[in-house]
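Student: here's a sequence, model it:
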Amino acid sequence: MKKLFLPALALLAVTPASAQADEPVTQRFEHKGASYRYTVTQVGDVRVISGVEERTGKPFTLRVGQHRVRGTVGSQQVSFPLRDVEPLTKPATTLAAR
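Tutor: Here you go, the predicted structure:
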């Protein structure tokens, strides 16, 4: 599972603060044929990425700290160093914005 999210996290790590205003903006990306929909919120020093894999409906929640990413994908726990994250080749797309 970690291989699915590592490329996306680099993109999310550089998401502008304006995209994380009061109400989170739903964004979307595709990776290896799967589509993901997610929101990003800031809770203290941790960025929380919550979303769903669109085809299967499998939810994920990732907490991105300064050095580590922890969370769940479906019912599976994930944890890996932030340095393992690779950037996506295309930017994420915004589904809805105010």
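Student: CA only for contacts and neighbour counts going forward, please
Tutor: Fine.
Student: what's stretch 60-77 in contact with?
Tutor: Contacts to stretch 60-77, defined as Cα atoms under 8 Å, 6 or more residues apart in numbering, come from residues 1, 45-53, 58-59, 78-83.
Student: what's the neighbour count on Ser75?
Tutor: Residues lying near Ser75 (other Cα atoms under 10 Å) number 10.
Student: same check, this time on Val46
Tutor: Around Val46 sit 14 other residues, with neighbours defined as other Cα under 10 Å.
Student: backbone dihedrals for it, both of them.
Tutor: Note on Val46: backbone dihedrals following degrees, to the nearest 10 are phi -110, psi 140.
Student: please apply the same query to Ile49.
Tutor: Ile49 adopts backbone torsions of phi -110, psi 120, taken as degrees, to the nearest 10.
Student: these two touch, right, it and Thr39?
Tutor: Yes. When contacts are counted by Cα atoms under 8 Å, Ile49 is listed as touching Thr39 (5.8 Å).
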